[in-house]
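Asker: Pasting a predicted model and its sequence here:
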Amino acid sequence: VQLVESGGGLVQPGGSLRLSCAASGFRISSAVMSWSRQAPGKERELVAVISSAGDSTNYVDSVKGRFTMSRDNAKNTVYLEMNSLKPEDTAVYYCSAARTGRSAIWGQGTQVTVSS
C-alpha cells in the first residue's frame with residue numbers, strides 16, 4: 001500500500017506545474033484524497049482535498065483560483081494542477097489518503113521550488 005508523488009521541480013514565478021500521485025495496493029475510489037505541503041521551518045499545511053466521488057473539492061485560501069485538484073479513479077491517480085506559482089508556494093508537496101477505519105497513507109513527497 002503506497003502513494004508515489006511526481007512532477008515537482010524548479011519553476012519561475014508565474015509558471016505552472018502538474019503534480020501526480022499514483023496509488024498502489026488500494027483503490028483511491030474508497031478514499032478522501034488530499035495534498036499538503038511543508039515549507040522549510042514551517043508546519044505541514046493542508047492545501048487541497050477531494051471527496052472520494054470527486055464531486056467536491058476544497059482549497060486553502062492562499063491557493064484558491066490558482067490550484068486545481070482532480071482524480072482519475074480508473075488510473076488510481078490524483079493530480080494537483082498549479083498555476084500562477086509564487087515563491088511562497090515553495091515546499092515539499094505530499095499526497096495522502098484517508099479511508100474510513102484505516103490509518104492514513106502518506107507519500108514520500110515531491111519538491112516544488114518557485115524561484116527566478
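Answerer: All right, it came through fine. Numbering: from 1, shown residues only.
Asker: Show me what the residue nearest in space to the middle of the chain bridges to in the sheet.
Answerer: Most central residue of the chain, judged by C-alpha distance to the mean C-alpha position with CA atoms, centre = their mean, is W35 at 3.0 Å. Per DSSP bridges, the residues bridged to W35 are A48, C95.
Asker: Likewise for M69?
Answerer: L80.
Asker: burial of it, as a residue count?
Answerer: 23 (other CB atoms under 10 Å). For every residue, glycine as well, the C-beta is placed using N, CA and C.
Asker: quick one on the thing from earlier: dump the residue contacts of the residue nearest to the centre of the chain.
Answerer: By CB atoms under 8 Å, 6 or more residues apart in numbering, the residues touching W35 are 19, 21, 46-49, 69, 78, 80, 93-96.
Asker: Please repeat the previous calculation with a cut-off of 10 Å.
Answerer: 5, 19, 21, 45-50, 59-60, 63, 67, 69, 78-80, 82, 93-96, 107 (CB atoms under 10 Å, 6 or more residues apart in numbering).
Asker: same check, this time on S56
Answerer: Here S56 is in contact with 32, 49-50 (criterion: CB under 10 Å, 6+ apart).
Asker: try 8 Å this time
Answerer: For S56, the contacting residues are I50, by CB under 8 Å, 6+ apart.
Asker: Ignoring the adjacent residues along the chain, who's closest to M33?
Answerer: Leaving aside its chain neighbours, M33 sits nearest to V78 (4.7 Å; criterion: CB to CB, 6 or more residues apart in numbering).
Asker: Do I have it right that that neighbour meets S51?
Answerer: No - with contact defined as CB atoms under 8 Å, V78 does not count as touching S51 (11.5 Å).
Asker: rewinding a little: could you count how many residues lie near the residue nearest to M33?
Answerer: Neighbour count of V78, defined by other CB under 10 Å: 28.
Asker: ok, now which ones touch it?
Answerer: Contacts of V78 by CB under 8 Å, 6+ apart are 20-21, 23, 28, 33, 35, 50, 69-72, 95.
Asker: do that again at 6 Å, thanks
Answerer: 21, 33, 71 (CB atoms under 6 Å, 6 or more residues apart in numbering).
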